[in-house]
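**Student:** mind looking at a prediction? Sequence and model below.
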Amino acid sequence: MLRKFFIISGLLIASSAALADEWLRSIPEFELTDHLGATHTLDTYADNKYVVFYVQGVGCPIARIALPNYREVRDEYADEGIEFIMFNANIQDNLPRIAKEALEFGIDFPIIKDENQILAKALGVERTAEVFIVDPRTKEVLYRGPINDRLGYETQRNNADEHFLKDALDTVLAGGTVNMDDIPDSKGCLVAIFDT
């Protein structure tokens, strides 16, 4: 009986490790255009320590509300060699719609159109307003999750108690590893992923 317990425990631990590995994936090579007409590849960020990707969606209220927090983090880490960008994987959103949204809401980040959902599929994207910290040299995803704990479904607090993205950036900049067990799921609008 005890032996059976250890076998089951071992399988559960291995299964949890596999899920953690599945949660943090790697980013593929890509060549995609943003709403301003610039082309982006991983080589674009070769001189950056890290790149933070934010999942954007036209018309998503949560993605819009989280934007000032994303901007605050960018401004705070301006001297750290980190690039902050966005990408849009919604099939219904084209570059003109994305550009209109950027203009209307003062989005001052490049918004890459994720044609054929290359990034979304590789990263396992499910919702907008999720962020990913990527090492552009190794292609490794070091963090995925919300910016902070301000936003929920049908809830919004004035101030955040937890600053997940900032804490993750501090950790990776110090050479550490983010404990993803402490990170909640992101709240955002669903991104429909289509098989090709």
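**Tutor:** All right, it came through fine. Residues are numbered from 1 along each chain as shown.
**Student:** so where's this protein shaky on pLDDT?
**Tutor:** Within the chain, the segments meeting pLDDT under 70 span 1-24, 151-158, 196.
**Student:** what about the helices in it?
**Tutor:** In the chain, the segments counted as helices under DSSP state H are 2-23, 61-76, 95-104, 118-123, 164-173.
**Student:** buried set for the fourth one?
**Tutor:** Of the residues in helix 118-123, those scored as buried under the neighbour-count criterion (16 or more other Cβ atoms under 10 Å) are 118-123. C-beta coordinates here come from the backbone N, C-alpha and C atoms, glycine included.
**Student:** one more: the last one?
**Tutor:** Buried positions in helix 164-173, judged by neighbour count with 16+ other Cβ under 10 Å: 164-169, 171-172.
**Student:** could you dump that helix to CSV, C-alpha only?
**Tutor:** Extracted C-alpha coordinates of helix 164-173, given in CSV (Å, rounded to 0.1, in the frame of the first residue of the first chain):
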residue,chain,number,x,y,z
PHE,A,164,3.4,40.5,-10.3
LEU,A,165,5.1,41.9,-13.4
LYS,A,166,7.4,44.2,-11.4
ASP,A,167,8.3,41.5,-9.0
ALA,A,168,9.0,39.1,-11.9
LEU,A,169,11.2,41.7,-13.6
ASP,A,170,13.1,42.3,-10.4
THR,A,171,13.6,38.6,-10.0
VAL,A,172,14.9,37.9,-13.5
LEU,A,173,17.1,41.0,-13.5
